[in-house]
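> make a model of this:
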Amino acid sequence: MSDVLTLSAEARERAGKGASRQHRRDGRVPAVIYGNKENPVAIHLEERALVKILNTGHFMNSVVMIDIGGKKTRTLPKDVQFHPVTDRPLHVDFLRISEHAKVHVNVPVVFTDEEESPGIKRGGVLNIVRHELDLVCDAAEIPSEITISLNGLEVGDSIHISNVTLPRGAESGIEERDFTIATIVAPSALKSSEGEAEAEAGDEAEPAGE
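Below you'll find the predicted structure:
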């Protein structure tokens, strides 16, 4: 399961672009907490602490406890705006949630057992269609990642969401289709050689001209 993260914050007394720019000059990042039928709360966070958590790679699928003067609010990050040039975080949106709320999260996919895939042993290449899965799960049971084994897969085989065993209580956020997550494809060289062999076989099968 994903770890529960904690960030200290302070309430923003003033809103607006001018106040936000001042917070950023002070090494703070403006943010807002909304949802769960309560009024939005404007806050600001220490930029260094936020960046440290962002660099874990699990920020967007982790519960984040926002500590404002000792009062903690359970949230789920929903959006982070970054500066287009410096990549500094400019603003964060947090969704207020209850402990066991059903939440939509994007969970990274990790592939294992490449050495057990006959297709990859023959030179096939893993073509990843989706690096993350949109899941619906309990906020207290958010998986940190979904592991998918490549054991036994041949060139041409595909992995669909129906082939994946999701953690207990989790389900796909996309219900209307059995979408593809990854395929084992032949490398270009293998495709070319097979194509040439088929062409030669076709030439040999044609009757000689008059």
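> for the helix or strand encompassing Pro108, packing partners?
Taking DSSP states H and E as the definition, one finds Pro108 inside strand 102-112. Counting by 3 or more C-beta pairs under 8 Å, 6 or more residues apart in numbering; DSSP states H and E, the packing neighbours recorded for strand 102-112 are strand 125-128, strand 132-138, strand 146-149, strand 180-185. C-betas here are computed from N, CA, C, even on glycine.
> for the longest one, buried residues please.
In terms of neighbour count (16 or more other C-beta atoms under 10 Å), strand 132-138 has its buried residues at Leu133, Leu135, Val136, Cys137, Asp138.
> for stretch 29-45, buried residues please.
Val29, Pro30, Ala31, Val32, Ile33, Val41, Ala42, Ile43, His44, Leu45.
> ok, what's across the strand from the closest residue to the third one other than its chain neighbours?
The spatially closest residue to Ala31, leaving aside those adjacent along the chain, is Val92, at 4.1 Å (C-beta to C-beta, 6 or more residues apart in numbering). According to DSSP bridges, Ala31, Val80 are recorded as the beta-bridge partners of Val92.
> quick one, what contacts Val92?
Counting by C-beta atoms under 8 Å, 6 or more residues apart in numbering, Val92 touches Val29, Pro30, Ala31, Val32, Leu45, Leu50, Pro77, Asp79, Val80, Gln81.
> which strand or helix spans the first one?
Under the assignment given by DSSP H and E, the secondary-structure element containing Val29 is strand 28-35.
> other residues contacting whichever helix or strand comes after that strand?
Going down the chain from strand 28-35, the next helix or strand is strand 38-46, by DSSP H and E. Strand 38-46 is contacted by residues 7-12, 15, 23, 27-34, 66, 68, 73, 92, 96 when judged by C-beta under 8 Å, 6+ apart.
> for the helix or strand following strand 38-46, buried residues please.
Moving toward the C-terminus from strand 38-46, the next helix or strand (DSSP H and E) is helix 47-54. Using 16+ other C-beta under 10 Å as the test for burial, helix 47-54 gives Glu47, Leu50, Ile53, Leu54.
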